[in-house]
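**Q** no letters, just coordinates:
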């Protein structure tokens with residue numbers, strides 16, 4: 001459900017003439033164990049593409065990286081050979097991959113996983129996402145669809161008539177992604193609760209890769225994964241990937257307050273480095289103990305985002321570890337229209353500013369640490385965004401400097417957006433949207449089990465010390 005705010009045509013840069021010459025890129029998967037075939041993302045089966053192709057290269061199922069090649073029509077074997085050659089030339093050998101030294105395995109080899117999919121008026125995207133989840137065939141998988149402030153009953157009819165009891169339908173009448181996620185969290189039965197959006201497809205190994213990260217280390221409270229573009233058919237999709245893609249690399253990583261990483265001046269505030277909300281999972285007991293997601297954050301509220309970043313921050317400052325597991329792959333369908341690029345730049349800034357405000361609201365003791373690292377950290381983040389944009393294709397009609405200015409404007413507005421959202425949440429957002437008596441009871445239970453902790457819980461490391469000392 002995570003989307004981008006719409007802006008008028010006058011407010012958004014239009015595609016430059018050079019964008020009209022954009023060559024679509026077909027996204028595929030290449031397994032080096034089976035180089036005789038290419039496969040579509042999300043477990044959809046073999047494909048025979050031509051033209052420009054971007055391939056996720058895997059070995060024994062593990063992702064190694066991305067390569068590109070051009071294929072001539074009628075010569076699929078030549079395209080496969082070109083992609084394999086590029087993989088051997090450009091990607092590290094398997095023995096060079098680094099793995100974390102995790103603790104001894106727990107007697108919990110196959111934890112139950114509940115997947116929460118929030119949706120808002122996108123039944124076709126939802127169908128594609130649900131089909132990919134059911135293709136995983138993970139034992140003990142539970143899927144919960146949370147219909148957030150729907151305008152129609154299409155999603156309800158889709159789930160109730162088209163999917164087995166394994167997929168459950170829930171309705172959250174009050175807009176906001178965090179509210180939808182809390183609704184799913186309350187109803188979930190799994191030991192692990194994972195979240196993805198309705199505009200994604202998951203890899204067949206996605207649930208098992210998430211579950212394994214929790215099962216091998218008791219300290220892990222959150223696991224995020226690799227997010228790749230499902231298609232690059234339009235200039236806007238290529239620009240979104242170049243200027244603000246979700247991918248965080250192909251190396252397994254772990255963060256904790258006990259081992260602060262070098263070269264990350266905003267740690268633990270740089271939530272975007274840890275992962276994204278379209279591919280995140282939590283130990284359910286920990287997330288409930290932390291109070292779930294702050295309903296004043298997230299898409300669908302004036303805060304526009306920050307719900308996932310705040311959750312990552314609170315997991316870390318609770319004393320738990322956060323793991324980025326690239327084997328847990330989600331394929332995201334980027335917006336196809338040009339106005340999405342500047343809207344995303346502005347929305348990222350708003351969400352980040354809202355998240356930092358929320359972090360200080362929940363943990364006032366973090367303010368001195370934040371003020372100390374914020375100027376340098378924000379400067380590095382903006383320079384990095386501009387550098388990435390400059391290195392990418394010039395497709396958005398907006399220069400890196402323009403996108404950086406939009407991010408700064410969004411960052412400045414973020415605290416205001418969060419405060420507006422918090423006031424709405426406190427003074428009657430639920431009453432304004434009504435709902436049935438049973439929905440009111442469900443929301444009341446959700447508040448008691450999740451949101452009630454948000455203003456009371458102090459996050460400390462084991463031993464009772466504040467994480468800021």
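**A** Sure, I can see it. Computed from a predicted structure; not experimentally measured.

**Q** for the rest of this, base every contact and every neighbour count on C-alpha atoms.
**A** Noted.

**Q** number of residues surrounding residue 74?
**A** In terms of burial, residue 74 registers 11 neighbours under the definition other C-alpha atoms under 10 Å.

**Q** next: residue 256.
**A** 20.

**Q** the residue lying farthest from the centre of the chain and residue 34: what is the separation?
**A** Centroid-distance maximum for the chain: residue 74 at 37.3 Å, with C-alpha atoms, centre = their mean. For residue 74, the distance to residue 34 (C-alpha to C-alpha, to the nearest Å) stands at 20 Å.

**Q** again with residue 345
**A** Relative to residue 34, residue 345 is positioned 39 Å away (criterion: C-alpha to C-alpha).

**Q** so how far is stretch 357-374 from its chain's centroid?
**A** Stretch 357-374 has its average C-alpha position 23 Å from the chain's average C-alpha position, going by C-alpha atoms, centre = their mean, to the nearest Å.

**Q** and that stretch, end to end?
**A** The first residue of stretch 357-374 is 12 Å away from its last residue (C-alpha to C-alpha).

**Q** does anything pack onto the longest strand seen in the chain? Which helices or strands?
**A** Counting by DSSP state E, the longest strand found in the chain is strand 321-332. Other elements packing on strand 321-332 under the criterion 3 or more C-alpha pairs under 8 Å, 6 or more residues apart in numbering; DSSP states H and E are strand 62-71, strand 200-202, helix 206-215, strand 220-229, strand 253-255, helix 307-317.

**Q** buried set for it?
**A** 321-332 (16 or more other C-alpha atoms under 10 Å).

**Q** what's the first helix or strand after it?
**A** On the C-terminal side of strand 321-332, the closest following helix or strand by DSSP states H and E is helix 340-362.

**Q** which of residue 345 and residue 34 has more neighbours?
**A** residue 345 (24 against 11).

**Q** now stretch 257-276: mean pLDDT?
**A** Averaged over stretch 257-276, pLDDT sits at 86.

**Q** circling back to that earlier point, please identify the most buried of the helices and strands packed on strand 321-332.
**A** Neighbour counts averaged per stretch over these are highest for strand 200-202, at a mean of 29; criterion: mean count of other C-alpha atoms under 10 Å.

**Q** strands paired with that one, and their directions?
**A** Listed by DSSP bridges, the sheet partners of strand 200-202 and their directions read strand 321-332 (antiparallel).

**Q** now do the partner strand against strand 220-229, angle only.
**A** Direction vectors for strand 321-332 and strand 220-229, defined by axes from the mean of the first three to the mean of the last three C-alpha atoms, to 10 degrees, enclose an angle of 20 degrees.

**Q** could I get the helices and strands packed on strand 321-332 as TSV with distance to residue 177?
**A** Written out in TSV, the entries for these read as follows (distance: least, C-alpha to C-alpha, whole Å):
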stretch	distance to residue 177
strand 62-71	30
strand 200-202	15
helix 206-215	21
strand 220-229	18
strand 253-255	25
helix 307-317	8
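
**Q** quick one, which of the ones you listed is nearest to residue 363?
**A** Distance to residue 363, taken as C-alpha to C-alpha, is lowest for helix 307-317 among the helices and strands packed on strand 321-332, at 9.0 Å.

**Q** next, the angle strand 321-332 makes with the closest one.
**A** For helix 307-317 and strand 321-332, the angle between their directions (the same axes, to 10 degrees) works out to 160 degrees.

**Q** specify the helix with the largest residue count in this protein.
**A** helix 400-426 (DSSP state H).

**Q** that helix packs against which elements?
**A** Under the contact rule (3+ C-alpha pairs under 8 Å, 6+ apart), helix 400-426 is packed against helix 340-362, helix 367-391.

**Q** ok, residue 281 - how many residues close by?
**A** Other residues close to residue 281 by other C-alpha under 10 Å number 28.

**Q** so is the closest residue to it other than its chain neighbours in a helix, a strand, or just coil?
**A** Distances taken as C-alpha to C-alpha, 6 or more residues apart in numbering put residue 194 closest to residue 281, at 3.9 Å, once the chain neighbours are dropped. Under the three-state scheme (DSSP: H, G, I helix; E, B strand; the rest coil), the conformation of residue 194 reads as strand.

**Q** any idea how far residue 141 is from residue 194?
**A** In this structure, residue 194 lies at 10 Å from residue 141, with C-alpha to C-alpha as the measure.

**Q** so where is this protein shaky, pLDDT-wise?
**A** Applying pLDDT under 70 to the chain flags residues 1-20, 93, 95-110, 244-245, 377-399, 428-469.

**Q** could you chop it up by domain?
**A** Domain segmentation of the chain under automatic domain parsing yields 22-96, 113-453.

**Q** which of these sits most buried?
**A** Most buried of the domains of the chain, by mean neighbour count (mean count of other C-alpha under 10 Å): domain 113-453, with a mean of 21.

**Q** starting at the chain centroid, how far to it?
**A** Put simply, domain 113-453 sits 5 Å off its chain's centre (C-alpha atoms, centre = their mean).

**Q** hey, where'd the helices end up in the stretch 151-300 of the chain?
**A** For the stretch 151-300 of the chain, the helices identified by DSSP state H, counting those that start in this stretch occupy 154-162, 177-187, 206-215, 235-244, 284-289, in order along the chain.

**Q** got CSV for the buried residues of strand 321-332, with distance to residue 178 too?
**A** CSV is the format used below for the buried residues of strand 321-332 (distance: C-alpha to C-alpha, whole Å):
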residue, distance to residue 178
321, 22
322, 20
323, 21
324, 21
325, 23
326, 24
327, 26
328, 22
329, 22
330, 20
331, 21
332, 19
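
**Q** which one of those residues is nearest to residue 172?
**A** Of the buried residues of strand 321-332, the one sitting nearest to residue 172 (C-alpha to C-alpha) turns out to be residue 332, at 23.5 Å.

**Q** isn't that closest one up against residue 196?
**A** No: using C-alpha atoms under 8 Å, residue 332 is not in contact with residue 196; the gap is 9.7 Å.

**Q** please enumerate the shared neighbours of these two.
**A** A shared contact of residue 332 and residue 196, defined by C-alpha atoms under 8 Å, 6 or more residues apart in numbering, is any residue touching both; here there are none.

**Q** so who does residue 412 touch?
**A** Under the criterion of C-alpha under 8 Å, 6+ apart, the contact list for residue 412 reads 349-350, 353.

**Q** rewinding a little: how about the helices of the stretch 151-300 of the chain, which one is nearest residue 22?
**A** Ranked by C-alpha to C-alpha, the member of the helices of the stretch 151-300 of the chain that lies closest to residue 22 is helix 235-244, at 6.0 Å.

**Q** packing partners of that closest one?
**A** For helix 235-244, the helices and strands in contact under the criterion 3+ C-alpha pairs under 8 Å, 6+ apart are helix 340-362, helix 367-391.

**Q** tell me which of the helices and strands packed on strand 321-332 sits nearest to residue 417.
**A** When these are compared by C-alpha to C-alpha, helix 307-317 sits nearest residue 417, at 13.0 Å.

**Q** quick one: the strands in the stretch 51-200 of the chain, in order.
**A** Using DSSP state E, counting those that start in this stretch, the strands assigned to the stretch 51-200 of the chain run over residues 51-59, 62-71, 113-119, 141-148, 167-172, 192-197, 200-202.
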